[in-house]
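[1] Quick one: sequence and predicted model below, then my questions.
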Amino acid sequence: MVESATSTQASSTSASLDTTRFMARDLCAYLESYLEPDQVSEVYRAYLFGAEAHEGQTRLSGDPYIVHPLAVAKTMAEMRMDHRSIIAAILHDVMEDTHISKERIIEEFGEDVAELVDGVSKLTHLKFRSKAEAQAENFRKMMLAITRDLRVIMVKLADRLHNMRTLGVMRPDKGRRIARETLEIYAPIAQRLGMNAIRRELEVLGFASHNPLRYKVLQDAVKKSRGHRKEVMQKIETAICSRMEEAGIVSRIIGREKNLYSIYRKMRQKRLSFEEVFDVFAIRIVVTDVDACYRALGVVHNLYKPVPGRFKDYIAIPKANGYQSLHTVLFGPHGIPIEVQIRTEEMDRVAESGIAAHWLYKAGDRQSASAQARAREWLKGVLEIQQAAGNSMEFLENVKVDLFPEEVYIFTPRGEIMELPKGATAVDFAYAVHSDVGNTCVAAKIDRRLAPLSTKLESGRTVEVITAPGARPNPAWLNFVVTGKARTAIRHYLKNLQQGEAVNLGRRLLDKALIGLGKSLEEIPPQEMQRLLEDLQLPNLDALLGDVGLGNRMATLVARRLSSDDVGDDVAAPSPASLGKPLAVKGTEGMVLSFAKCCHPIPGDPIVGVMSAGRGLVVHREPCRNVAEYRNKPDKWIPVAWSEDSTQEYAAAIRAQTANKRGVLANLASVIADMGSNIENVSFDERDGHASTITFTLSVRSRKHLADLMRRLRRVPEVLRISRARG
Ligand code: MN
């Protein structure tokens, strides 16, 4: 799409109508060689449909737009792809550039074709924005991760190929950018899928546009040395050909010339001169069966002496991507080295079109397996070859990762690509950016839309994290983060936070206990404190206060040991009343102070605190049944009172008995919302046909707020009774 700016000149259409119809007929004639007649007519119908959709649109070259999709389809046909891929190729730009919807394509050509077209459109939206070379690999992985069906990638490669073939009409700077992208992204993907014919052409076209000067120099050099070569080449070919005939081997002999890009790359990588790279003759011999391969090898070794150590048997031991051939190097006439590849037609097809060669492998049961299943089958085949051969797993690992990725690839707002494990959430992403970003994140934007922090990320999305200065990690994040980095950072932060809060609370508790004994923390002589710390084997005062704050050590016992000269004497335990003013509760104490879920205390309620080991102070309403047993345990029972300046919201539970009428719950909910309260939880209990009990957990600011709320709820006609739930 990027490459195919459209305009709407309707002038040249009648003249080129014949051209496009000719192209379509040519395509169909080609398809008849390997597809069923009804499949071919389906393709023709797709052409008519596409031509109508693109009617009036032209390419930059002035051609009617449909010329482009037809060319893409032809490339797919040359790879002998199935008829649905061909149809998808013809329609690959209709969703992008015309009014045609996915639903319409489903109606006309079925789900499979529509998914393919949709997949190509998705890839078209993906923009490679980074300048960093290292990012190209990630972008390639992202493309493959987004694609569920490999045929989508093939259409995209064929699309890019035609755009590169027609790049000449493009503005030079734009053309250069597209050429670079072709070299960095598309050619390597083609290579990874073993599609060498396409890869080579993409490379040469990309090189020509990206590096026109160097291309020209090399092209001239090749032209110069070709004249002499042609003669030698002819001689060698003729010699081999007649020897093959003598031996009764049916063969095709192809003289090969290295392409300009691979010459360029070899010169650069191996620091060789042009002559060193170019002055090698290369010949491919294609025969009918494996047996003939080895016999042909004998023939050429008999004709020219082989270079020792250069023979390789990739038929017995195929390359990891399934490539098979015999390779040898011969001393040709005048000692010119000749590289020879010998293989069967089938091997040749695999070597040229890679994964595409496996597509229509079993023509009989096309319907039986999905494309992905076929890709798996191909992989399995490769795997078996690998195991038999015991050679490098590298290729397979790459392909496997690409087809069934364990990772997602995400854009940062600056266009960089980040790799995260599958299932990673916005919080994982935030911590991957920086632990400070993770610690202060409050929300995320995915493709510019607000999304919850727990949202699982998908490849190709742009994710932005919103942070707030005072924000802190939420313990609940630990339930959904998947990366070790996020988990460790959250735990670390919470532990520090809790320790700090515990020290604070511990200081207040210990001071209060000491005041009850007529002393205060400041009055304790340092050596006294040191002695106690040594006794308890604690490193410092903070450790002691932290223990007290978390409820692991009782403040009253510590106070007693600090306040008397004789440790462990029989000073009577102070009664709660003697402890002076109760501890003030603000609600902002953090994780070492919590409000009991059984009775839900709110400001204004009489309350009491109970120390609980490891959890710190738990605040209950005084009449709560669950605290009765602590009433006579002064070291756990802590008198507390609400601080004046509490501005927090608290959870409160109310129970409503209502008549069973439609819409009761909605009525109550709207009253609650009106009163500025949130419903945190609701449970429903139908008592009989006529009445129900609904229990709400609500957020309120104070007893007054709750009382007002209950008064309003009582006025709802269906409400029979309303009461605050007790612990
Ligand atoms: Mn296109």
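    Arrived safely, thanks for sending.
[2] Mind checking the pLDDT average for stretch 331-348?
    Mean pLDDT, stretch 331-348: 88.
[3] List the contacts of it.
    Contacts with stretch 331-348, where a contact means CB atoms under 8 Å, 6 or more residues apart in numbering, come from 232, 235-236, 279-290, 292-293, 296-297, 300, 304-307, 315, 323-330, 351. C-betas here are computed from N, CA, C, even on glycine.
[4] Only the buried residues of that stretch, if you could.
    Using 16 or more other CB atoms under 10 Å as the test for burial, stretch 331-348 gives 332, 336, 338, 339, 340, 341, 342, 343, 344, 347, 348.
[5] all helices for the stretch 201-350 of the chain, in order.
    Assigned by DSSP state H, counting those that start in this stretch, the stretch 201-350 of the chain shows helices spanning 212-247, 260-270, 274-278, 290-303, 345-353.
[6] among those helices, which gets the worst mean confidence?
    helix 274-278 (a mean of 79).
[7] Show me what it packs onto, helices and strands only.
    On a contact count with 3 or more CB pairs under 8 Å, 6 or more residues apart in numbering; DSSP states H and E, helix 274-278 meets helix 212-247, helix 260-270.
[8] Give me the neighbour count for residue 431.
    28 (other CB atoms under 10 Å).
[9] Look up the closest residue to the residue in the chain that the ion sits nearest to, ignoring the ones flanking it.
    Nearest residue of the chain to the ion (CB to the ion) works out as residue 159 at 4.2 Å. Nearest non-adjacent residue to residue 159, counting by CB to CB, 6 or more residues apart in numbering: residue 72, 5.1 Å away.
[10] How about the helix or strand hosting the one you found and the ion, any contact?
    Per DSSP states H and E, residue 72 falls inside helix 67-78. No: Helix 67-78 lies apart from the ion when judged by CB under 5 Å from the ion; the minimum separation is 5.7 Å.
[11] who does that helix touch, helix- and strand-wise?
    helix 13-31, helix 37-53, helix 83-90, helix 150-165.
[12] outside of it, which residues touch it?
    4, 16, 19-20, 23-24, 26-27, 30-31, 43, 47, 50, 54, 59, 85-86, 89-93, 154-155, 158-159, 161-163, 165-166, 198.
[13] what's the closest of the helices and strands packed on helix 67-78 to residue 181?
    helix 150-165 (8.5 Å; CB to CB).
[14] got the angle for the closest one vs helix 67-78?
    120 degrees (axes from the mean of the first three to the mean of the last three CA atoms, to 10 degrees).
[15] Would you enumerate the residues in contact with the residue nearest to residue 724 when sequence neighbours are not counted?
    Ranked by CB to CB, 6+ apart and with sequence neighbours excluded, the top spatial neighbour of residue 724 is residue 654, at 5.5 Å. Applying CB under 8 Å, 6+ apart to residue 654 gives the contacts 695, 696, 698, 706, 709, 710, 713, 722, 723, 724, 725.
[16] how about the residues of the stretch 51-200 of the chain near the ion?
    Residues of the stretch 51-200 of the chain lying near the ion (CB under 5 Å from the ion): 93, 159.
[17] where does the chain have low pLDDT?
    Along the chain, the model assigns pLDDT under 70 to residues 1-17, 129-134, 148, 320-322, 357-405, 564-580, 727.
[18] Sweet, I'm off.
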